[in-house]
Structure formats: C-alpha cells, structure tokens
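Engineer: Predicted model and sequence follow; I will ask about them next.
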Amino acid sequence: MKSPFKPRNLTQNTFDDTDMQRLSDIHHDSLVITMQIGTVRVLRILVDGGSSVNLIMLDILKAMKIDEKQIIKKPNVLVGFSGETKNTLGEIYLPSYVEGVSSYERFGVLDCHSSYNAILGRPCIHNVRAIPSTYPEKEKVCRKRRKFAPERNTIINEEVDKLLDMGMIREVMYPEWLANVVVVQKKNGKWRVCVDYTHLNKACPKDPFPLPHIDAMVDATAGHKILTFMDASSGFN
C-alpha cells in the first residue's frame, strides 16, 4: 500500500562536543519517544534501528479503539538476537505523525506483554528521514535560586544537615543543574522540605522501564503475612 503522505522538508540539526560539556554522567539509555499514531498520542515507543519491521502491541490497538478486523491476516515470524521466534498476528497500516512529518506506516501486530507500546524499526526511520541518536537527549537546566524568609531557611538548613548526617544525600557541584527546594506545611503543623524537579524532569529522557501498576503490586502481596515499606526520607525500611 502506497503512503498518501509525503515527508516535509526537515530542519538540519547538528551536535558537537560542546553539547556534552559539564555532563558528568553520559547515559546509554534506550531511545524512547512519544508520537501520534492514528488519532492517539502513544507513549513508550522504542526507536530500534536494529529492527527490520515496525511493531505495535495488540493491547494498544484495542485501547485505541481500532477494530481487529482492520488487521491484515499476514502473519510473519520474528527472529530475536538469540534465535528465539515470535509470530505476529498480521499487519496493519496506520498514519503516524512526528514533529510535523507525516507517514503511513505498516506495523506488525504482536499479542504479548512488552515494556513498550510500539517499536519503530528501520522502515519508519527511513520514511520520516530520521537519524536516531541519544547524544543530545540531555539538556542543562538551571533555575534561579529561590529566596526564603529567615524561618524557612532555618527549616531547610536543618533538614539538609539531617540528611547529610544520615548519608542520604551528598554535596555536588552542578552550577548548570539546579533545582530549588519547596517548603510545605503538613497537617500536623510540621514542615516538609521537597525538591521541585519539574524542569529537570522535562529535560531528562523518559524512563523506558516504568514501575508496575499499583494494583498488580497489591495483588502480589496476597498470601503474605508481612509487607515492608521503604522510607527513603527517614532512611529505614
């Protein structure tokens, strides 16, 4: 099936060594993105230049309210790195949009559990003329130091000193990575000192390994007599 979309002219982006200056932790995380497939904004999509096909999970198609009748019954055999095989249910053609570029992609449909909702392989990468790279995924975030009233400064200093003594935190020198603290009063009248990571979270790549669903974690405790909780703030289990 021929794609009805034509890729638009793309802006040239270049990166050099200056983009990685003052970054103490060079990451090697997977390239996981969010993009629109059909009329739905799909999260946790793995960009895999080593895959010869695009894949989408059956559960995601159901969540997108796409009728299974649209799946073309042309199953294929997928062969993994170590030789294991997996059969697809068939294939489906879906419009995809990313950063102003539209394409009509063929996805193999898999009925299995996966950490990702979809996988973009070389066909999609080629169609949108993309060059996948995790090199520029980090950017520097520096917020202006927030000023507090003297009594709030006392509360903050006491909390920082306590966490330093417990070994829960340590001093680092990141002049271009700065997040302010927030002091919030609890119901019992005491104060809670938090860190505002809003802008830092926006700059960091998304976690490709999300936490399990809470209901699944609760179900996993069935039949056990003891359940332990970790309190990272207080430094004990």
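Structural biologist: Good, I have the coordinates.
Engineer: hang on, residue 124 in a helix?
Structural biologist: Yes: assessed by DSSP: H, G, I helix; E, B strand; the rest coil, residue 124 belongs to a helix.
Engineer: That one contacts residue 55, doesn't it?
Structural biologist: No: with contact defined as CB atoms under 8 Å, residue 124 does not count as touching residue 55 (10.3 Å). C-beta coordinates here come from the backbone N, C-alpha and C atoms, glycine included.
Engineer: need the helix or strand of the chain with the lowest average pLDDT.
Structural biologist: strand 141-142 (a mean of 62; mean pLDDT, DSSP states H and E).
Engineer: Which of the residues in the helix or strand following it are classified as buried?
Structural biologist: Next along the chain after strand 141-142, taking DSSP states H and E as the criterion, comes helix 150-166. Residues 155, 159, 163 are the ones in helix 150-166 that count as buried (16 or more other CB atoms under 10 Å).
Engineer: List the buried residues in stretch 65-82.
Structural biologist: For stretch 65-82, by 16+ other CB under 10 Å, it's 66, 71.
Engineer: How far does that stretch stretch from one end to the other?
Structural biologist: 34 Å (CA to CA, to the nearest Å).
Engineer: What of stretch 80-96?
Structural biologist: Termini of stretch 80-96 sit 26 Å apart (CA to CA).
Engineer: What's the mean pLDDT across that stretch?
Structural biologist: Stretch 80-96 carries an average pLDDT of 86.
Engineer: Show me the contact partners of it.
Structural biologist: 1, 5, 35-38, 55-56, 58, 61, 66, 70-79, 102-112, 124, 128 (CB atoms under 8 Å, 6 or more residues apart in numbering).
Engineer: go with 6 Å
Structural biologist: 1, 37-38, 70-79, 103-111 (CB atoms under 6 Å, 6 or more residues apart in numbering).
Engineer: Same question for stretch 37-48.
Structural biologist: 31-35, 64, 94, 96, 116-121, 132.
Engineer: farthest-separated two in those?
Structural biologist: Using CB to CB, the contacts of stretch 37-48 reach their maximum pairwise distance at 64 and 132, which is 24.0 Å.
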